[in-house]
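Student: Just to be clear, the model below is a prediction. Sequence and coordinates:
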Amino acid sequence: MKVFVNRRIPEAGINMLKEAGLEVFIPEHDNLSHEEWLIYCQNHDAVLSIGGEFKYDKDFFTQCPNIKTIALYSVGFDHVDIDEANRRNIPIGNTPDVLSKATSDIAFLLMQSVARRASYNFQKVKDGNWGDFDPLHALGQELYGKTLGILGLGRIGFEMAKKSQKAFDMNIIYHNRNQNEEAEKELNATYVSFEELIAQSDVLSVHANFTPEQKELFNSSVFVKMKDNAIFINTARGGFQNEKDLYEALVSKQIWGAGLDVTNPEPMSKESPLLELSNVCVLPHIGSATIEARTGMARMAAENIIAFSKGEKLPYCANPEVYTG
Ligand SMILES: NC(=O)c1ccc[n+]([C@@H]2O[C@H](COP(=O)([O-])OP(=O)(O)OC[C@H]3O[C@@H](n4cnc5c(N)ncnc54)[C@H](O)[C@@H]3O)[C@@H](O)[C@H]2O)c1
Ligand SMILES: O=C(O)[C@H](O)CO
């Protein structure tokens, strides 16, 4: 079986593929054009897919009829048309759990960074502007006992809630597609409606899977209903926020601050007005960027491809319904 890996990943995964006797192709340069990527996909049986820039939509499947499976190097699969993959019996692999701690660490880091204005103050030091001890300047807010609202209490949302509760004794409320009774018991979390979530959260952290119906769910009509001390955190997908509306909400002090690991679009332009605000911290989509998580993801993606090559089910499958019809 011929496997196309569109960018270098930790060696552990590549070694597994080679040891399993699979033919592996990795292009010499990382910045493939859409055409190059398509041609490579047309000439391979499987793709180990890194990054969200290439969309696996109906056109892709029509143009690349040889692709029999896709092993995503991510847990998110919003760039794949799952219905189309199902219609064509193509199993899609992903990498759940292994990155939940690392990604929730980034949500936690952003929450603290914004609450204590860390990136603003770091920038001041870099600018040679240490300043006097000023009792009134750049004051942060404490998180102890505040309410953390989680949109999407799945694997990563749960980890974020757990560490925020341990560190700051935060009260956890959440809104999810389904009620999560286990989490309610362990975290004493309360299920609320979306409207209650936005109205009651001191910190609102987004961890839901992104679908087109939720495009720019966080827009002016939502920000206006949030508390004026609220911090908006997003480590899920940038498509959840309208960034013009977020800017307006921050400037007009409808909300207090924002921490983003994901932007709309990505990469964020260095001209984005959000970057001029002292109450914003932006990171370039580094949720899973630890040695441990990225190595684990490489192994899982390789395991998925190896299982497929042996005629077995993908152990980590984003569309298990492909096996049951
Ligand atoms: N920043 C990063 O580097 C990074 C890393 C990993 C994952 N992610 C993102 O985080 C997302 C979550 O990952 P996970 O492993 O926790 O997924 P998960 O499936 O375990 O949890 C997501 C939860 O969101 C819920 N949900 C979906 N849509 C919802 C909605 N509209 N309202 C309320 N709840 C909703 C689901 O029911 C589910 O419980 C991924 O889909 C991915 O987009 C980002
Ligand atoms: O969905 C994911 O896993 C991230 O966005 C990349 O690690």
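Tutor: Received, thanks. Ligands and ions are numbered 1, 2, ... in the order given.
Student: Spatially, what comes nearest to the spatially most central residue of the chain if we skip its sequence neighbours?
Tutor: Against the mean C-alpha coordinate of the chain, by CA atoms, centre = their mean, the closest residue is A236 at 3.4 Å. Nearest non-adjacent residue to A236, counting by CB to CB, 6 or more residues apart in numbering: V206, 4.7 Å away. For every residue, glycine as well, the C-beta is placed using N, CA and C.
Student: And A249, by the same measure?
Tutor: Setting aside the residues directly before and after it, A249 is nearest to F223 in space (CB to CB, 6+ apart), at 3.5 Å.
Student: What's the separation between that neighbour and F133?
Tutor: 34 Å (CB to CB, to the nearest Å).
Student: Isn't the residue nearest to the centre of the chain up against N209?
Tutor: Yes - counting by CB atoms under 8 Å, A236 touches N209, with 7.4 Å between them.
Student: any residues in contact with both of these two?
Tutor: By CB atoms under 8 Å, 6 or more residues apart in numbering, A236 and N209 have these common neighbours: G76, G152.
Student: Identify the residue spatially nearest to the residue in the stretch 151-300 of the chain that ligand 2 sits nearest to, adjacent ones excluded.
Tutor: Across the stretch 151-300 of the chain, the shortest distance to ligand 2 (CB to the nearest ligand atom) belongs to S288, at 3.5 Å. Setting aside the residues directly before and after it, S288 is nearest to L99 in space (CB to CB, 6+ apart), at 3.9 Å.
Student: quick one: contacts for that neighbour?
Tutor: Contacts of L99 were listed using CB under 8 Å, 6+ apart, and they are V75, I156, G287, S288, A293, G296, M297.
Student: how about those in CSV, adding neighbour count?
Tutor: Written out in CSV, the entries for those read as follows (neighbours: other CB atoms under 10 Å):
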residue, neighbour count
V75, 23
I156, 29
G287, 23
S288, 25
A293, 20
G296, 20
M297, 27
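Student: Now Y191. Nearest residue, chain neighbours left out?
Tutor: Nearest residue to Y191 in three dimensions, chain neighbours excluded: Q179, at 4.9 Å (CB to CB, 6+ apart).
Student: and what of E142?
Tutor: Closest residue in space to E142, ignoring its immediate chain neighbours: A115 at 7.4 Å, by CB to CB, 6+ apart.
Student: Please tell me how far the one you found sits from G259.
Tutor: If you measure A115 against G259 using CB to CB, the figure is 9 Å.
Student: now P212
Tutor: The separation that P212 has from G259, given CB to CB, amounts to 24 Å.
Student: so how far is stretch 260-276 from its chain's centroid?
Tutor: The offset between the C-alpha centroid of stretch 260-276 and the centroid of the whole chain comes to 15 Å, using CA atoms, centre = their mean, to the nearest Å.
Student: Which residues of the chain lie near ligand 2?
Tutor: Listed as neighbours of ligand 2 in the chain under the rule CB under 6 Å from any ligand atom: S74, V75, G76, L99, G287, S288.
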